[in-house]
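Enquirer: Below are the sequence and a predicted model; questions follow.
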Amino acid sequence: MNADRSLAPALILTPTRRLAHQLRVNHDAVCDVRGLAVWRTLEVLPWQTWIEAQCRLERQSGASVGRLLSPQAAGLIWRRLVEHDQVDAGVLSPPGLARAAYRSWRAMQAYQIPASALDEEDTHETRSFARWVRGYTRWLAEHGAVDPDLASESLRVASVRRPLRLVGFDELTPAQSLLVERLRAGGIDVLFEPWPIHRGDLPPFH
């Protein structure tokens, strides 16, 4: 299995959609300058898009039964939780508060901050956020759903069939680092390459 993986072409991952698009544009420009009539499309995905694609593959194969939420759908659930919270009923801007709370939730997952850490600060804001975290976690369990920022924790290394090249990551979040460690331990080649200093340059993806 590892030998098959090593022979497969690497998939390029980027931290943002914008960088993925820029890599494709640069790749096409370089191929055009070289006088090529046809060339293979550069296979590059943003990190989160790749995570979501892997989750869909696992669900289709029966390896995973959880339904993956999109970030938009997860944000909507957070908005409903905030709007229907009787303790904080009547807040000035529930949509704005929900967006802020969802951003905090995403940061917690990225930096591997446990929900128990919320008990260390006893303020009205922290108590409200902790209540929404419990409500959201309960909603996920009741609906058999997978939060997009928790998806990497359950991703199966066996479902990853290609080496990975991470381009343009200044640093990884703790959650990303944990997944990279699991992938490498499972025999997946993961390489890091910085974004070129000169905008017209392109890493050697061929």
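Expert: Sure thing, it's come through. What you are looking at is a predicted structure, and each value in this text was computed from that prediction instead of being measured. Numbering: from 1, shown residues only.

Enquirer: so the residue at the greatest distance from the centre of the chain, which of the three states?
Expert: Relative to the centre of the chain, and counting by Cα atoms, centre = their mean, the farthest-placed residue is Gly35 at 36.5 Å. The assignment at Gly35 comes out as coil when based on DSSP: H, G, I helix; E, B strand; the rest coil.

Enquirer: One more: the one 10 residues further on?
Expert: When the structure is reduced to helix, strand and coil (three-state DSSP), Leu45 reads as strand.

Enquirer: Wait, it touches Ala10, no?
Expert: No. Between Leu45 and Ala10 there is no contact under Cβ atoms under 8 Å: 11.8 Å. Placement of C-beta: from N, CA and C, glycine included.

Enquirer: Phi, psi for Val65 please.
Expert: The phi and psi values for Val65, taken as degrees, to the nearest 10, are phi -110, psi -10.

Enquirer: on that earlier part again, from Gly62, how far off is the residue farthest from the centre of the chain?
Expert: The gap separating Gly35 from Gly62 is 47 Å, by Cβ to Cβ, to the nearest Å.

Enquirer: quick one, longest helix in this protein?
Expert: The longest helix of the chain (DSSP state H) is helix 124-143.
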